[in-house]
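sequence and predicted model, in that order:
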Amino acid sequence: MKYYNNGGNVGNLTAEESSLSSWAGPYVTEMLGRGAALASQMPYQAYEGPLTAGPSALQTQAYEGIGSLAMPTASTEGDFTGSTAQSYMSPYISASLEPQMAEAQRQAEIQRVMNAGRLGKAGAFGGGRQAVMES
């Protein structure tokens, strides 16, 4: 059965209702009836057993091994400093980064000089605006 909107948009479908096919209707009706009859005779029984399988023997062995590890309490190498970090740097990475960092510093200095020139023309050189721009 189809329902049509009788308001401003005449002829627009607003809802549609259908029923089971004639070949499936008797089977579905009987199946739902049997389910209702069984449910009325036997109340719902909730499963109260374990919801997980639990760890395997291999997992238990791994957990025991991890549990016996000791946390280090102090560094045997001393403090991690810049020279320590430098010893871990790849020479290729250092050689490729140095020109890029130098160029970035050069561009930042050019921008700082341009900003100082604009501030000088505006009469605001050395004030709070300059501090904000340089930060």
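On my side now, so go ahead. Numbering: from 1, shown residues only.

make it CA atoms for all contacts and neighbour counts henceforth
Will do.

helices of the protein, start to end?
With helices called from DSSP state H, the chain shows them at 25-41, 57-67, 82-88, 91-122, 128-134.

mind listing what's buried along the fourth one?
The one in question is helix 91-122. Neighbour counts using 16 or more other Cα atoms under 10 Å place 115-116, 119 of helix 91-122 among the buried residues.

I'd like to know which elements that helix is packed against.
Judged by 3 or more Cα pairs under 8 Å, 6 or more residues apart in numbering; DSSP states H and E, helix 91-122 is in contact with helix 128-134.

can you lay out the buried residues of helix 91-122 as TSV showing distance to Q86 and pLDDT?
Putting these into TSV (distance: Cα to Cα, whole Å; pLDDT from 0 to 100) gives the following:
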residue	distance to Q86	pLDDT
N115	35	81
A116	36	80
L119	40	76
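
sorry, back to before: would CSV of the helices of the chain with distance to E48 be doable?
Compiled in CSV, the helices of the chain are given as follows (distance: least, Cα to Cα, whole Å):
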stretch, distance to E48
helix 25-41, 19
helix 57-67, 24
helix 82-88, 57
helix 91-122, 60
helix 128-134, 66
